[in-house]
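Participant: Next one to model:
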Amino acid sequence: MIRCTNCRRPYPETGVPYKCPHCGGVYDDDDLPMLEGVSLERVSLGEGNTPLIWAPGPRGMAAFKCEYQNPTGSFKDRGSATLVGFLRERGVSEAVEDSSGNAGASFAAYAARAGLRATVFVPEAASGPKRRQIEAYGARVVSVAGTRANAASAAHRAAEAGAVYASHAYLPFNLPGYATIAAEIVAQLGGAPGSIVCPVGQGGLLLGAARGFAALHAAGAISHLPRLFGVQALVCAPLWALWRYGPAGLGFVSEGTTLAEGVRVRLPLRGDALLRAVEASGGAFVAVAEEAILPGRDALAHRGFYVEATSAIVWDALVQLDDRLAEPVVVVLTGSGLKNDL
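Facilitator: As a prediction, this is how the structure comes out:
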């Protein structure tokens, strides 16, 4: 059942509050991995079933999960399918979202598919291709001066004025969509991976995957759980800072400018849940220096994977993790290189 993580009240049977109206807490699901008590439609554009391709990494062979081959060019489509389906089920005809690009493009596409009017607030530094993609789907794009957090604040103000805020960060209805990646990986590998390496901003994909693997393990479908490794850009790496230094680590976390714009999130809303999942798995968080991002992108391209800078941070993470990775290693490539200005 979906409940507020703070006051434990259940999600209301009508309306679409993005946070608990009683205490302001974040909603999450008690069950794995589906949302019992709230039925979920799916608005589909053919998301999922992305290739898993074996290729040499910097420290041996790895299986690369090509999430950039989803309909709008990123993993966000898995979550948009269930999130927009829920909005349609609740009778929503118009909604707002905030995004650095990929979530906004995905939301705009699935909103168009469902017949919803969409407005997406983006930071002024969001890449041009992503903005144009959002607009192409018929959504209204509102550019917000300053950081990624400023775009979120603009969406919050719209929600306070009465708009439905279809937040991919606050609402939990995308997590069952993200959980589907676990079953796909198991089917493609013929069993559970030893490790999962994945870029992390809000961390929804890695958290959803963790819950998907946990559900498969509980059902006896896999014999073990993979180690989870979340990758962040060093200039904005709150989960890495917490994991490595404890609460004191947040004191030096800033929302620094990074080529990996998709993981530029200073305060991940489900950070505690993701930290617990990573720690329990025996995994870790890794921070990648800015100067390592483009070489990583080029190394992936030379293996046939054309990804955006946000995805490319996984390459240096593989170098850093080296012998900490249990095999087989699955590396998630989250977004297409066609989305970058670079």
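Participant: What lies in contact with stretch 158-169?
Facilitator: Identification of contacts with stretch 158-169 by C-beta atoms under 8 Å, 6 or more residues apart in numbering yields 16, 18, 76, 79-80, 83-84, 87, 92, 94-99, 103, 107, 111, 119, 121, 152, 155-156, 174, 202, 204, 265, 268-269. Glycine gets a C-beta too; all of them are placed from N, C-alpha and C.
Participant: which among these end up buried?
Facilitator: Buried members of those, scored by 16 or more other C-beta atoms under 10 Å, are 16, 18, 76, 79-80, 83-84, 87, 92, 95-99, 103, 107, 111, 119, 121, 152, 155-156, 174, 202, 204, 265, 268-269.
Participant: Filter these down to the ones in strands?
Facilitator: Counting by DSSP state E, the buried ones among the contacts of stretch 158-169 place 95, 96, 97, 98, 119, 121 in strands.
Participant: Make JSON lines from these and add pLDDT to it.
Facilitator: Output for these, formatted as JSON lines (pLDDT from 0 to 100):
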{"residue": "95", "pLDDT": "98"}
{"residue": "96", "pLDDT": "97"}
{"residue": "97", "pLDDT": "97"}
{"residue": "98", "pLDDT": "94"}
{"residue": "119", "pLDDT": "97"}
{"residue": "121", "pLDDT": "96"}
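Participant: and which of those is nearest residue 298?
Facilitator: Taking C-beta to C-beta as the measure, residue 298 lies nearest residue 98 of those, at 30.7 Å.
Participant: Setting aside sequence neighbours, what's the nearest residue to the closest one?
Facilitator: Among residues not flanking residue 98 along the chain, residue 155 sits closest, at 3.9 Å (C-beta to C-beta, 6 or more residues apart in numbering).
Participant: ranges for the strands of the stretch 101-250 of the chain?
Facilitator: Using DSSP state E, counting those that start in this stretch, the strands of the stretch 101-250 of the chain run over residues 117-123, 140-144, 195-199, 227-233.
Participant: now the helices for this structure?
Facilitator: Secondary structure of the chain (DSSP state H): helices located at 76-89, 102-114, 128-136, 148-160, 175-189, 204-218, 238-245, 271-281, 293-301, 309-321.
Participant: Among these, single out whichever gets nearest to residue 196.
Facilitator: Minimum separation from residue 196 across the helices of the chain (C-beta to C-beta) falls at helix 204-218, 6.2 Å.
Participant: Would you mark the buried spots in the closest one?
Facilitator: Going by neighbour count (16+ other C-beta under 10 Å), the buried part of helix 204-218 is 204-217.
Participant: cool, stretch 157-174 as well?
Facilitator: Buried positions in stretch 157-174, judged by neighbour count with 16+ other C-beta under 10 Å: 158-159, 163-174.
Participant: picking that back up, so which of the buried residues of helix 204-218 comes closest to residue 320?
Facilitator: residue 206 (16.9 Å).
Participant: residue contacts, the closest one?
Facilitator: 196, 198, 200, 228, 230, 274, 277, 278 are the contacts of residue 206 under C-beta under 8 Å, 6+ apart.
Participant: And stretch 283-299, how far out from the chain middle?
Facilitator: Counting by C-alpha atoms, centre = their mean, to the nearest Å, stretch 283-299 is centred 17 Å from the centre of its parent chain.
Participant: Okay, buried residues for that stretch please.
Facilitator: Those would be 283, 284, 285, 286, 287, 288, 290, 292, 293, 296, 297, 299, for stretch 283-299 by 16+ other C-beta under 10 Å.
Participant: now the residues you listed as JSON lines including pLDDT?
Facilitator: JSON lines is the format used below for those (pLDDT from 0 to 100):
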{"residue": "283", "pLDDT": "98"}
{"residue": "284", "pLDDT": "98"}
{"residue": "285", "pLDDT": "98"}
{"residue": "286", "pLDDT": "98"}
{"residue": "287", "pLDDT": "97"}
{"residue": "288", "pLDDT": "98"}
{"residue": "290", "pLDDT": "97"}
{"residue": "292", "pLDDT": "98"}
{"residue": "293", "pLDDT": "98"}
{"residue": "296", "pLDDT": "98"}
{"residue": "297", "pLDDT": "98"}
{"residue": "299", "pLDDT": "98"}
